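K.L.:
Pasting the sequence and the predicted coordinates here, then a few questions.
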Amino acid sequence: MTGFDVMFYVIAALTLASAALMVFSKNIIYNAAGLLFAFFGVAGIYVMLGADFIAATQLLIYVGGILVLLLFGVMLSQRFSGTEMRTGTLQVLPATLVCAGVAAILLRMIWQTPWPKAELGAPAPTTKTIGTLFMTDYLIPFEIVSVLLLAALVGAAFIGRRDAR
C-alpha cells in the first residue's frame, strides 16, 4: 500500500465520520459542522483524483455558499423564534433496514464488477480545458444557464421585496 492509498483512506474515513456526525447528531450546529468537514473531505478526494476544478467548485459553492447560508438561516431563525432548534431521531429501524439493504446491493456490485485499471499519469490542470470548452463548444448552454440563474436571482429578490411592501 502506497502513501497515496493511505492518504485516500484517511480522507475517506474522515469524510464518512463527518457525515455520520452530521446525520446522527441532535444539535443542529453539530450537524452543520459535520456537513462542513464532509464537504472538505469530498473536495480532498476530488484533489486526489486530479479534478482541481471540481474541488475548487466544491469549496466555493458548497462550503462558501450553501453551508454559510444554512448557518445564517439557523442562527437568525433561532434568534427570532426564541426556541432551541434540535432534530429528533425518528423511525430508526426502517432507516437502518433500508441503509443495510442499499449497502448490501452496493457492496455486491462493487465486488462483482471487473474494474479496469488505468496507469496514472502526471496530474495536469483541468481548468484550461474546461474554460476552453465553456467558451467554444458549450457557449450556448453556458449562457442559457447564466440567464436562468440571473432570472432565479431576480425572482428571489422580488419575492423578498414583496414582504417589505
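P.N.:
That came through fine.

K.L.:
just for the chain, where's the confidence low?
P.N.:
Applying pLDDT under 70 to the chain picks out residues 76-89, 162-165.

K.L.:
Okay, domains of the chain per the record?
P.N.:
The chain breaks down by automatic domain parsing into domains covering 1-88, 125-165.

K.L.:
Adding mean neighbour count, write the ones you listed out as a markdown table.
P.N.:
Glycine gets a C-beta too; all of them are placed from N, C-alpha and C. Shown next, in a markdown table, are the domains of the chain (neighbours: other CB atoms under 10 Å):
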| stretch | mean neighbour count |
| --- | --- |
| domain 1-88 | 14 |
| domain 125-165 | 10 |
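
K.L.:
Dump those domains to TSV, plus distance to residue 114.
P.N.:
Converted to TSV, those look like this (distance: least, CB to CB, whole Å):
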stretch	distance to residue 114
domain 1-88	20
domain 125-165	27
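
K.L.:
Tell me which of these lies nearest to residue 109.
P.N.:
Across the domains of the chain, residue 109 has its closest neighbour in domain 1-88 (18.0 Å, CB to CB).

K.L.:
which residues sit against the longest helix along the chain?
P.N.:
Using DSSP state H to define each element, the chain has its longest helix at helix 139-162. The contact list for helix 139-162, computed with CB atoms under 8 Å, 6 or more residues apart in numbering, reads 134-135.

K.L.:
Which secondary structure element is home to the most centrally placed residue in the chain?
P.N.:
In the chain, the residue lying closest to the centroid (CA atoms, centre = their mean) is residue 39, at 5.0 Å. Assigned by DSSP states H and E, residue 39 belongs to helix 28-48.

K.L.:
Determine the set of other helices and strands touching that helix.
P.N.:
Here helix 28-48 touches helix 3-24, helix 52-57, helix 68-81, going by 3 or more CB pairs under 8 Å, 6 or more residues apart in numbering; DSSP states H and E.
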